[in-house]
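*Asks:* Could you look at this predicted model? Sequence included:
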Amino acid sequence: MPTVYVNDKPVEIGTKKLNCIQAAELAGVFVPSYCWHEALTVVASCRMCLVEVGDLKDGKLAMQPRVLPGCQTPVKDGTVIVTGEYDKRDASLPALPYDPGYVKGGAPGVRAKKSQADTLEGLLINHPLDCPVCDKAGECKLQDFSFKYGRSESRMVDVKNTPANKPQLSSKITLFTDRCIMCTRCVRFTREISGTAELMVHGRGHHEEIDTFPGKPLENKLAGNVVDLCPVGALGSKDFLYKQRVWYLKESDGVCSRCSTGCSIHVDSNKDIVYRLRARTNPEAQGFFMCDEGRYGYHFANSTERFLRPVAKVDGALKPAAWNVITPQLKQAFAKAVSDNAKLVVGVLSPFLTVEEAFLFATYFKGLSADVRLAIGPVPVVGQDDKYPKDVKGNAVEPTKFVIHAEKCPNRRGVEAVLKHFQGSVISFDKVAKDSVSAMWFAGGYPDKVAVEANMGMDWKTPGLLIAQDLFASTVTAAATFILPATTSFEKDGTFVNHAGLAQTFARSVKPPTEIRTELQLAFDMLGRRGLVQAAAIRAELAKAIPFFAGLGATKLAANGVRFELPTV
Amino acid sequence: MPIPETDVQWVETARLGFWEQLYIPSMLAGLKTTIGHIFSPQVKTEQYPEQEPKMPANYRGVHRLNRDHNDRVKCVACYMCATACPAHCIDIVAAPAPADWKDREKYPETFVIDELRCIYCGMCEEACPVDAIELTTLYDLTGLSREEMIFDKEKLLSVFDQTTKAGTDPVRTRAGRLGAASDTAPG
């Protein structure tokens, strides 16, 4: 097996093609870097990953006399990597036979350490020390690495460059030009991943600046990723600018609900308000990035227009009702409609529900009578799948690196799988909307009313009893006898199955507003079960009941999700 | 970035010796101070409130928000004071600075200190990178309601006007502006 030595520690790399940074990571040694990113091409411009490299062959070790950028140096069998943290190595391992001539010029690790410190000093020459007002402070790589590898004092005596800020860079993104360290990650992103190539570097040497071509601002559906990619505070999202300091934010893992890609995300919240979404690396789901529709698509959760408490129509007027009053009413009214004629009763499960919720609701509806029909709620579809990278004319180029799906809901496949288990087929919403129906339970959770209304068909016949559960007012809730508040995907635990059959489990990031009960809790209450509901327990039940979801039965699920073998549709 | 375990140095508390365990020497030392005061001729009673004391300059009383040379609030809304505050009594809402404030990008839209929650430790003053928040020598803070004791930006700026005019707390600013080129010479 090919073996690489990182700070004297042998690591087997197998058949993988790695660079020094990745090989060191396998050995548990962190090599700092700014410009290198796994999804982008290598430019080796930041010089932060400088390491000492050598070759061990037949027991003889030949070290290169100079330091090399780790990101640009591939490893092979016998490669020896010495990082700046050589003095923190595992001392119990036998030391490699370093040539005395090499050691005379500095013990192993000394060269790398010094070059890292020098690199940082160089990067800080023109970097303003306005960390207190910089939004990146606290999660800034320049801060972190300066603290860990840099010098504590500046020797710079000249006046720093202060190029003007560029808030006109994009409608969503601003550039603090003076903070830029020229890693060009953003430039490479727009050239390689989005393909739109709006960003460029102009100027030379210390006068290099990131800029756009006049009149061609950074506007593409993946643009928000450059803010995540920026290792310093140069690129700032206008949406998040000055809203919070990052150390107040609580980071939790979530799944984006705005399209069927189901991007893995970090949800950053403080005091139960979501402030920011960032892409979470998940090669199974979407890779490293996320689209702007998802990134800025969290505002509906903080909207003041949401339904905040259950409401019942009494004598034509809507009145707020307490959960303990309304739950038995719902139960009674729905059970009565089922006992009158179960064939005229429909349960609608929207593709925004988690599979656990869909499972409990379906269990409840089918438990009342096997004749109750289950339909999938309106599936919002907008345009065509949007594939990236694009060429100058806006046509997608192979190989595809990112897809924004046209289906703007996270869990159609999951809900359909539940429906198929309970009644063998999936009934679409426009089919039941045309029928005259005596009672309907509409479990929604749509992030805007357009998502409901655009796809429900014109000939919607109002049922006699309509229990509508949704986030915002729409045609459906306007006709409802009972309006129940819904929760967003940030406020509940559950599982979404994306377009490719990848099931991702997520936990709640924020608490729902006080008077809102999650759909899962409501379905649990309707089933007459006692106590507080636990999504994990329901998930175990689901895995046992429906063979399709058997993969969710494990007590500890893989962080990147579980991929299901989907039957061809 | 968490501090690695290797960088943490654990320090044991010093063990008490025989005499320290008896506590008698330290008790006697205390008594010496007490008895010394009985015979000291410098015992002086202040006739408060008729006679107001002059507080030392480093007294930690009511906060003020300093103004810069253009009479704008000096604060840059960096939240360092709110982060350092052990009593969580500072609430700031930051916003992009007005367009005509060329020297900075961020300013506090609101700045509220709950003077009842505050423990007057002075950590906010220590943390401030632009010397915008200071504790004054105003010691007799009173109010008739809780709401009255929640000081907003205007109130805190008025404390600055009041104390600088009265001359009790002169401007003792050292740090300069914190803008795009922050490291201009202080002054």
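*Replies:* Arrived safely, thanks for sending. Note that this is a predicted model, so its numbers are computed, not measured. Numbering: from 1, shown residues only, chains lettered A, B, ... in the order given.
*Asks:* ok, and the residue in chain B positioned nearest to chain A, which helix or strand is that part of?
*Replies:* Distance from chain A to each residue of chain B (C-beta to the nearest C-beta) is smallest for B:Cys78, at 3.5 Å. Every C-beta, even on glycine, is put in place using the N, C-alpha and C of the backbone. Assigned by DSSP states H and E, B:Cys78 falls within no helix or strand.
*Asks:* What sits closest to the residue of the stretch 351-500 of chain A found nearest chain B if chain neighbours are left out?
*Replies:* Minimum separation of the stretch 351-500 of chain A from chain B (C-beta to the nearest C-beta) falls at A:Phe490, amounting to 22.5 Å. Counting by C-beta to C-beta, 6 or more residues apart in numbering or on different chains, A:Ser509 is the residue found nearest to A:Phe490 once chain neighbours are left out, at 4.6 Å.
*Asks:* how about B:Asp131, secondary structure?
*Replies:* Per DSSP: H, G, I helix; E, B strand; the rest coil, the secondary structure class of B:Asp131 is coil.
*Asks:* Surely it touches B:Met80?
*Replies:* No: counting by C-beta atoms under 8 Å, B:Asp131 sits too far from B:Met80 to count as a contact (11.5 Å).
*Asks:* Any regions of the chain where pLDDT drops low?
*Replies:* Just so you know, I chose chain A. The model of chain A has pLDDT under 70 over residues A:455-459, A:565-569.
*Asks:* wait, chain B
*Replies:* Ranges of chain B meeting pLDDT under 70: B:1, B:43, B:173-187.
*Asks:* what are the ranges of the strands in it?
*Replies:* Counting by DSSP state E, chain B has strands at residues B:63-65, B:90-96, B:106-114, B:133-135, B:150-151.
*Asks:* and A:Gln384, what does it touch?
*Replies:* A:Gln384 is in contact with A:Ala406, counting by C-beta atoms under 8 Å, 6 or more residues apart in numbering or on different chains.
*Asks:* Go again with 10 Å.
*Replies:* By C-beta atoms under 10 Å, 6 or more residues apart in numbering or on different chains, the contact set of A:Gln384 is A:Ala396, A:Ile404, A:His405, A:Ala406.
*Asks:* Make sure it is indeed in a helix.
*Replies:* No: counting by three-state DSSP, A:Gln384 is not found in a helix; it is coil.
*Asks:* And for the residue lying closest to A:Asn126 once chain neighbours are set aside, the neighbour number?
*Replies:* Using C-beta to C-beta, 6+ apart and skipping the chain neighbours, the partner closest in space to A:Asn126 is A:Asn161 (4.6 Å). For A:Asn161, the neighbour count with other C-beta atoms under 10 Å in any protein chain shown is 16.
*Asks:* hang on, isn't A:Asn161 packed against A:Pro128?
*Replies:* Yes: counting by C-beta atoms under 10 Å, A:Asn161 touches A:Pro128, with 9.2 Å between them.
*Asks:* one step back: dump the residue contacts of the residue nearest to A:Asn126.
*Replies:* A:Ile125, A:Asn126, A:His127, A:Pro128, A:Thr177, A:Asp178, A:His206, A:His207, A:Glu208, A:Glu209, B:Ala181.
*Asks:* Please flag which of those residues sit within strands.
*Replies:* A:Glu209.
*Asks:* Next, give me the two most distant ones among the contacts of A:Asn161.
*Replies:* Largest separation among those by C-beta to C-beta: A:Glu208 and B:Ala181, giving 17.8 Å.
*Asks:* hmm, back to that, could you pick out the buried ones from the contacts of A:Asn161?
*Replies:* The neighbour-count test (16 or more other C-beta atoms under 10 Å in any protein chain shown) applied to the contacts of A:Asn161 identifies A:Asn126, A:His127, A:Pro128, A:Thr177, A:Asp178, A:Glu208, A:Glu209, B:Ala181 as buried.
*Asks:* Thought A:Thr162 was touching the first one, still the case?
*Replies:* Yes: the pair A:Asn126 / A:Thr162 is scored as a contact, 8.6 Å apart, by C-beta under 10 Å.
*Asks:* how many neighbours does B:Gly36 have?
*Replies:* By other C-beta under 10 Å, 9 other residues sit near B:Gly36.
*Asks:* again with A:Lys313
*Replies:* 14.
*Asks:* Partner strands of the helix or strand where it lies, with direction?
*Replies:* Assigned by DSSP H and E, A:Lys313 falls within strand A:311-314. Here strand A:311-314 has these sheet partners by DSSP bridges: strand A:317-320 (antiparallel), strand A:482-485 (antiparallel).
*Asks:* does the one residue sitting closest to the centre of chain A sit in a helix, a strand or a coil?
*Replies:* Closest residue to the average C-alpha location of chain A: A:Ile265 at 1.6 Å, with C-alpha atoms, centre = their mean. Assigned by three-state DSSP, the conformation of A:Ile265 is strand.
*Asks:* before we move on, what about the one 10 residues further on?
*Replies:* Reduced to three states with three-state DSSP, the structure at A:Tyr275 is strand.
*Asks:* And A:Ile467, by the same measure?
*Replies:* Here A:Ile467 is recorded as strand under three-state DSSP.
*Asks:* got the contact list for it?
*Replies:* For A:Ile467, the contact set (C-beta under 10 Å, 6+ apart) comprises A:310, A:312, A:326, A:329-330, A:333-334, A:337, A:347-348, A:439-443, A:480-484.
*Asks:* Filter the contacts of A:Asn161 down to the ones in helices?
*Replies:* Using DSSP state H, no member of the contacts of A:Asn161 falls within helices.
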